[in-house]
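**Q** no FASTA, just this:
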C-alpha cells in the first residue's frame, strides 16, 4: 500500500506534537523531515551523536542507551531531552527542543552533520 507523502508528513507532525507534549510540556519543538536513511547511514549518524555527547561529557550530554539496531535515538542534556532522531517511518524525522541553545549551545554542529548525512551522495561531492 502506497501512502501519499502528505499523509506521512502530517502523521509525523502530529506524532511530534504528542511526543513533545509528553517529554516537554509547555515547550516549543522544531522538526525537520528528510528522506529515510539506510541502516548503515543511520548507525553512522548515531555514532556521530555519541561522539558529540562524549566530547561534551562535562555538560552532562548523553545519547539514550539502547540497541544499536534501534531505528531512533534521543540526545539528553542534564536529564532533559534535547533531540529525537527517528528513522523508523518512511522518512527521517529530527525533532529538537526549542530551548536547545540554552542547554547545548553547539547542537547546531550536530544538526549540520545530520543535514549533510541526509543529502544524496552526488550532492555532497560538489
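**A** Right, received. Where do you want to start? Just so it is clear, the structure is predicted and the values come from calculations on it, not from any experiment.
**Q** beta partners of the residue nearest the centre of the chain?
**A** When C-alpha atoms, centre = their mean is applied to the chain, the residue found nearest the centroid is residue 85 (2.5 Å). Per DSSP bridges, the residues bridged to residue 85 are residue 73, residue 94.
**Q** the strands in this structure, which residues?
**A** Remark: strands assigned in the chain by DSSP state E are 29-35, 61-63, 72-77, 80-86, 91-97.
**Q** so what are the sheet partners of the first one and their directions?
**A** For strand 29-35, sheet partners with direction are given as strand 91-97 (antiparallel), following DSSP bridges.
**Q** could I get the average pLDDT for the partner strand?
**A** On average, the pLDDT along strand 91-97 is 86.
**Q** just stretch 66-78 next, same as before
**A** Mean predicted lDDT for stretch 66-78 stands at 82.
**Q** do stretch 46-62 as well
**A** Rounded mean pLDDT across stretch 46-62 is 83.
**Q** start and end of it, how far apart?
**A** When the termini of stretch 46-62 are compared using C-alpha to C-alpha, to the nearest Å, they are 12 Å apart.
**Q** same question, stretch 66-74
**A** 10 Å.
**Q** then stretch 83-90?
**A** Its start and end residues considered, stretch 83-90 measures 19 Å (C-alpha to C-alpha).
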